[in-house]
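Novice: Predicted model and sequence below, questions to follow.
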Amino acid sequence: MPHLWIEYSANVESSLDVDEFVRHMHQEAAADGVFPLAGLRTRAVPVANYVIADGHPDNAFVHLTLRVLPGRDPGTQKASTDRIFAAALERLKPLSDRLPMAVSMHVETIEPDLGYRLSTYRTHMAARARDRLAGEA
């Protein structure tokens, strides 16, 4: 954990490099160490069917949902999520200056007893790091 879901109206794809935006937001979410890299999953999902405000086809949205497990200091988590949202706004500003657009973010706390997980990322990340070091020797 956490998982960062980015939903966006499909009409932004012609003006936004979604792959680059996802990579940028993934890096931002991990940047301060509040959310560990090995637990971070970031994905983007286009929404093809939507009606926004007055229904004009230029209207667009990007919505981020950050799902986290409990246990972090609330002030630390708030500072981190404020920074993540600010990074999204900064990255999307050229687009929102040109299009009618809403950008939003919601943080959800997951009930740990009702979540099920298996992750071997840490093991594989450590092995890749060892392989890189061995290759440099």
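Specialist: That came through fine.
Novice: Please make it C-alpha for all contacts and neighbour counts, starting now.
Specialist: Noted.
Novice: so what's Leu69 up against?
Specialist: Residues near Leu69 by CA atoms under 8 Å, 6 or more residues apart in numbering: Met1, Pro2, Thr109, Ile110, Glu111, Pro112.
Novice: now those residues: which count as buried?
Specialist: Neighbour-count burial (16 or more other CA atoms under 10 Å) applied to the contacts of Leu69 gives Met1, Pro2.
Novice: Mark which of the contacts of Leu69 are part of strands, please.
Specialist: Among those, the members found in strands (DSSP state E) are Thr109.
Novice: Count residues in the vicinity of Val45, would you?
Specialist: Per other CA atoms under 10 Å, the neighbour tally for Val45 reads 14.
Novice: What are the contacting residues of the helix or strand containing it?
Specialist: Per DSSP states H and E, Val45 falls inside strand 41-47. Strand 41-47 is contacted from outside by 1-10, 18, 22, 25-26, using CA under 8 Å, 6+ apart.
Novice: what's the following helix or strand after it?
Specialist: strand 60-68.
Novice: returning to that earlier point: give me the buried entries from the contacts of strand 41-47.
Specialist: Judged by 16+ other CA under 10 Å, buried ones among the contacts of strand 41-47: 1-10, 18, 22, 25-26.
Novice: between those, which is closest to Arg117?
Specialist: The closest of the buried ones among the contacts of strand 41-47 to Arg117 turns out to be Met1 (CA to CA; 9.5 Å).
Novice: Without its sequence neighbours, what residue ends up closest to that closest one?
Specialist: Computed as CA to CA, 6 or more residues apart in numbering, the closest residue to Met1 that is not its neighbour in sequence is Gly39, at 4.6 Å.
Novice: Contacts only, for the one you found.
Specialist: Counted by CA under 8 Å, 6+ apart, Gly39 has contacts Met1, Pro2, His3, Tyr121.
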